[in-house]
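# Curious how this folds, go ahead:
(one chain, ligands or ions: 2)
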Amino acid sequence: MLKCENLFLKQGDFTLQADLNFPKGAVTALMGPSGAGKSTLLAALAGFLQPVSGRILYDSADLTHIPPGDRPISILFQDNNLFPHLTIAQNAGLGVRPVLRLKSDELARVAEVLEQVGLAGFDARLPGDLSGGQQSRAALARVLLAERPVVLLDEPFAALGPGLKHEMLDLVKRTLLTPDRTIVMVTHDPDDAKRAAQHVVLVAEHTANKPEPTSSIFASPPAVLARYLGTGMD
Ligand code: ADP
Ligand code: MG
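Ligands and ions are numbered 1, 2, ... in the order given. Purely as a prediction, here's the structure:
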């Protein structure tokens, strides 16, 4: 279980508190107004922002002072997930090991995962030759190959049209979501949460709240969520 224990975060004048567990084997959507601290929370989980106080735990391990690369965590952003000068196979292969020459069994695994995300035959292409949707698939392939138990998604599909975004969300559910994995996905779109997330964490008023089942939070939204849903978001 990924756990924020009495976490207190500070970025400039901005503060955020978080005391919650992220369920394993599920997608949890992080929702809340723009500037509420969703990316700040992901930065702390990933190790890019050191908390002022509190701890970040995964199962029995205290991650609070572990460097980002040594955490059991992969992160996917909206942009800059791929290196433009590396092929799709090399970009995806970085998930296996941070080298450009993989062993033959590792290369076979890369090919298998590229096929799984619908990119069979794209191995030798450069990211610039791919559509936005295909680039998202390549970035997802790298995350799949990294096989980390925690995956953080910071609106990685927000720039795609609705059809492609749905395809990606369904692909995440089909490939990335396993009983042992914890997925935390920032989204400003309630339909994304309803489509892909079993739980919602509302981030608002300097607090990351405890997860609530997606169906119940939208059935009777707290005032701050209702305001945000009613007024156009992010
Ligand atoms: P969200 O992802 O929910 O839109 P962010 O976590 O990006 O919000 O930002 C939360 C707050 O932290 C904002 O008020 C933002 O201005 C502030 N902030 C973000 N990054 C920094 C930084 N590097 N230095 C100072 N303040 C920052
Ligand atoms: Mg953000």
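
# Test my guess that Val224 contacts Val203.
No: if you go by Cβ atoms under 8 Å, Val224 and Val203 don't touch, sitting 9.7 Å apart. No exception for glycine: its C-beta is placed from N, CA and C like everyone else's.

# Overlap of the contact sets of those two?
Jointly contacting Val224 and Val203 under the rule Cβ atoms under 8 Å, 6 or more residues apart in numbering are Gly32.

# who has more neighbours, these two?
When Val224 and Val203 are compared for neighbours, Val203 comes out ahead with 23 against 17, by other Cβ atoms under 10 Å.

# Show the pLDDT at the residue of the chain most remote from its centre.
Relative to the C-alpha centroid of the chain, counting by Cα atoms, centre = their mean, Ser104 is the outermost residue, at 29.2 Å. As predicted, Ser104 sits at a pLDDT of 94.

# ditto for Gly161
On the pLDDT scale, Gly161 is placed at 89.

# Show me where this structure dips below the pLDDT cut-off.
The model of the chain has pLDDT under 70 over residues 231-234.

# mind checking how far the residue in the chain that ligand 2 sits nearest to is from Ala193?
Scanning the chain for proximity to ligand 2 using Cβ to the ion identifies Ser39 as nearest, at 3.2 Å. Note on Ser39: its distance to Ala193, by Cβ to Cβ, to the nearest Å, is 17 Å.

# more neighbours, these two?
Taking neighbours as other Cβ under 10 Å, Ser39 and Ala193 compare with Ala193 leading, 23 against 19.

# List the contacts of the more buried one.
So Ala193 contacts Ala29, Met31, Thr187, Val200, Thr214, Phe218 (Cβ under 8 Å, 6+ apart).

# what do you get for Phe122?
Going by Cβ under 8 Å, 6+ apart, Phe122 touches Ile88, Leu114, Leu130, Gln134, Ala138.

# top of those residues by neighbour count?
Most surrounded of the contacts of Phe122: other Cβ under 10 Å gives Ile88, at 26 neighbours.

# Does that one touch Gly128 like I think?
No: using Cβ under 8 Å as the test, Ile88 is too far from Gly128 to be in contact (10.7 Å).

# Break the chain down into its structural domains.
Per automatic domain parsing, the structural domains of the chain span 1-72+149-234, 82-147.

# right, so of the ones you listed, which gets closest to ligand 1?
Using Cβ to the nearest ligand atom as the measure, domain 1-72+149-234 is the one of the domains of the chain that comes nearest ligand 1, at 2.9 Å.
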